[in-house]
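Asks: attaching a predicted model along with its sequence, questions to come.
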Amino acid sequence: MKKFIYQVKGFEFEDSTAFGTAWAQAKAKAIELHCPIFREVIKRDGSVRREVFYKGGLFNSIEFMREDNVKVF
């Protein structure tokens with residue numbers, strides 16, 4: 001099972017569902033703090049993928065992150 005850890009300015013929300021309860025909590029916190037949402041996806045094999053939520057409405061690798069393409073809630 002994958003684990004999704006959403007990160008918003010020092011706050012972390014964890015879930016086993018991609019857009020479950022933790023996503024809703026992270027989104028509410030990001031709106032409150034007016035900032036982006038980052039997440040770590042941890043696969044069964046232990047590999048970790050670092051992502052950020054983009055203006056296009058999806059998570060993708062932080063390697064493509066620029067100030068003008070990241071969604072600030």
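Replies: The structure has been received and is ready for your questions.

Asks: going forward, measure contacts and count neighbours with C-alpha atoms only.
Replies: OK.

Asks: where along this structure do the strands fall?
Replies: Secondary structure of the chain, counting by DSSP state E: strands at 3-8, 11-15, 38-42, 48-53, 59-61.

Asks: quick one: mean pLDDT for the last one?
Replies: Across strand 59-61, the average pLDDT comes to 97.

Asks: and N69, which of the strands of the chain is closest to it?
Replies: strand 48-53 (9.1 Å; C-alpha to C-alpha).

Asks: so that closest one versus strand 3-8, what angle?
Replies: 40 degrees (axes from the mean of the first three to the mean of the last three C-alpha atoms, to 10 degrees).

Asks: partners of strand 48-53, with directions?
Replies: Strand 48-53 pairs in its sheet with strand 38-42 (antiparallel), strand 59-61 (antiparallel), by DSSP bridges.

Asks: and the contacts of it?
Replies: For strand 48-53, contacts defined as C-alpha atoms under 8 Å, 6 or more residues apart in numbering pick out 36-42, 59-62, 65, 70-71.

Asks: one more time with 6 Å, if that's ok
Replies: Identification of contacts with strand 48-53 by C-alpha atoms under 6 Å, 6 or more residues apart in numbering yields 37-42, 59-62, 71.

Asks: any chance of a PyMOL selection covering the buried ones in those?
Replies: The buried residues among the contacts of strand 48-53 can be selected in PyMOL (16 or more other C-alpha atoms under 10 Å) with this line:
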select buried, resi 37+38+39+40+41+42+59+60+62+71
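
Asks: hmm, which two among the contacts of strand 48-53 are most spread apart?
Replies: Checking those with C-alpha to C-alpha, the most distant pair is I42 and K71, at 22.3 Å.

Asks: sorry, back to before: select, out of the strands of the chain, the one closest to A28.
Replies: strand 3-8 (9.8 Å).

Asks: got any ranges where this structure has weak pLDDT?
Replies: By pLDDT under 70, the chain has no low-scoring segment.

Asks: who's in contact with N69?
Replies: 54-55.

Asks: oh, I was asking about K55
Replies: So K55 contacts 69-71 (C-alpha under 6 Å, 6+ apart).

Asks: do you know how far it is from I42?
Replies: Between K55 and I42 the distance, using C-alpha to C-alpha, to the nearest Å, works out to 23 Å.
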